[in-house]
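[1] What follows is a predicted protein model with its sequence.
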Amino acid sequence: MPSLPEKPVSNVPLQLHQPKNFRFDSVPESHAWLDLHDHPTVDPTGPDTVPLIDLTDPKLTAKISKACEEWGVFQITGHCIQPDLLTRLEAQIHRLFALPADRKLKAAKSPGDVSGYGLVPISSFFSKLMWSEGFTISGSPLHHAQKLWPDDYSSFCEVVEEFDNVMRQLGNKLLHVILFSLGLSKEDIIRACPVRDWHDMSAAVQLNSYPPCPDPERTIGLAAHTDSSFLTLLYQNSVSGLQVLRPKDHTGPMRWVTVPPVPNTFTVNIGDLMHVLSNGRFRSVMHRAMVNPAKHRISVGFFCGPPMDVKVGPINKLTGPERGPVYRPVTWQEYQRLRRKLFDKALDALKIGEEIA
Ligand SMILES: C=C1C[C@]23C[C@@]1(O)CC[C@H]2[C@@]12CCC[C@@](C)(C(=O)O1)[C@H]2[C@@H]3C(=O)O
Ligand SMILES: O=C(O)CCC(=O)C(=O)O
Ligand SMILES: [Fe+2]
């Protein structure tokens, strides 16, 4: 796991992060990572295939429960998001990242702000830069879209808002199925679920662009992390890159397994707050994004979480005399603050009796 860099990349002026919009002949030292081959990477075959689940399957609950317990990640079909919306969103993402660097910088995140163009928060834990560009949207995209395209921002806003709307509904549905698959009754869920209906879910959209890379073995698109959300729904274009970390088990050592792009699917992964809510039964999954030598990869993360002011702790029904609550309650905002301080130690810092922040 990463150690604190001598000079965090967040101290480097943003315009120096991606000189020449990633048109390098080789990977510069600033983007060359060590320790990328800490565990072997295996092909997604046999027992190393991420579960693919159809949301209309009559055995949905059992399949989700198994996938969450054994993997912390699964892919979904039968989700009702129209392919046409994803095509329109993809076109807007290409339009955004193809803009000249100085135009994108006009929509840069302001210090302390979540939304805008710039580095992902975990960048500050690494001394090397990632082979990617990101744009985060939390709330309305209008302000930043106007900076990007003063005369033509509405097509971007319309697509993003339509996507946000349908994804909240899908996220809310998945959240309830996941809670049901923990063995909770409908009444328990109404009592315990911090998201009453899809309107009060907090959400953020992360647009990721991974340009082709001349030496993909030497760098990384997005460093290994867990998400802080309840769950994240990830859309990836047809270029492979997402990998999840599998623990050591009877079929092999700890290994990175590729999650292949399957047309019209989303990859759903368990985040740290679901880990807390389920009292550790559904574990958040470590994942990362690799880059491709020839193809431009894009992905869109949709992060679903509780309303910002609601504290999330282990659901009472999931605790008992043999396993009391393992984590203390926390709001998403407090937890994101903790992650900015402790990164991959943040979840442990929530353990009752082990508070260190
Ligand atoms: C809601 C959010 C989740 C996120 C932090 C953020 O405020 C917006 C960006 C998200 C992201 C995307 C890349 C990976 C990640 C760990 C990061 O650094 O920024 C996630 C954050 C998260 O899961 O906490
Ligand atoms: O691009 C990907 O495959 C992963 C993106 C991701 O993990 C994130 O945005 O949190
Ligand atoms: Fe992620």
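    Happy to help now that I have it. Numbering: from 1, shown residues only. Ligands and ions are numbered 1, 2, ... in the order given.
[2] So which bits of the protein are right by ligand 2?
    Proximity of the chain to ligand 2, by C-beta under 6 Å from any ligand atom, involves residues Gln206, Asn208, Leu222, Asp227, Leu234, Gln236, Gly241, Leu242, His287, Ala289, Ser299, Gly301. The way it works is simple: take the backbone N, C-alpha and C, and place the C-beta from them, glycine included.
[3] neighbour-wise, which of those residues leads?
    When neighbours are counted by other C-beta atoms under 10 Å, Gly241 leads the residues of the chain next to ligand 2 with 26 neighbours.
[4] just checking, which of the residues of the chain next to ligand 2 belong to helices?
    Among those, no member falls in helices (DSSP state H).
[5] Show me the two of those residues that sit farthest apart.
    Maximum pairwise distance among the residues of the chain next to ligand 2 (C-beta to C-beta): 16.2 Å, between Asp227 and Gly241.
[6] related to what we said a few turns ago, ligand 1 next: which of the residues of the chain next to ligand 2 are close?
    Gln206, Asp227, Gly301.
[7] Just the ones of the residues you listed in strands?
    Judged by DSSP state E, the subset of these located in strands is Gln206, Gly301.
[8] In CSV, list the residues of the chain next to ligand 2 along with pLDDT.
    Putting these into CSV (pLDDT from 0 to 100) gives the following:
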residue, pLDDT
Gln206, 98
Asn208, 97
Leu222, 98
Asp227, 98
Leu234, 98
Gln236, 98
Gly241, 97
Leu242, 98
His287, 98
Ala289, 98
Ser299, 98
Gly301, 98
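[9] Give me the neighbour count for the residue in the stretch 51-200 of the chain that ligand 2 sits nearest to.
    Distance from ligand 2 to each residue of the stretch 51-200 of the chain (C-beta to the nearest ligand atom) is smallest for Val120, at 7.2 Å. When neighbours are counted by other C-beta under 10 Å, Val120 registers 17.
[10] and what of Lys173?
    Neighbours of Lys173 (other C-beta under 10 Å): 14.
[11] was I right about the residue of the stretch 51-200 of the chain closest to ligand 2 contacting Gly134?
    Yes: using C-beta atoms under 8 Å, Val120 is in contact with Gly134, at 5.2 Å.
[12] between those two, what contacts are shared?
    Listed contacts common to Val120 and Gly134 are Gln206; contacts here mean C-beta atoms under 8 Å, 6 or more residues apart in numbering.
[13] Give me the helix or strand of this structure that scores worst on average pLDDT.
    Of all helical and strand segments in the chain, the minimum by mean pLDDT, DSSP states H and E falls on helix 186-192, at a mean of 89.
[14] Can you tell me what sits against it?
    So helix 186-192 is contacted by His176, Leu179, Phe180, Leu184, Ile315, Asn316, Lys317 (C-beta under 8 Å, 6+ apart).
[15] residues in contact with the last one?
    For Lys317, the contacting residues are Leu184, Asp188, Ala192, taking C-beta under 8 Å, 6+ apart as the criterion.
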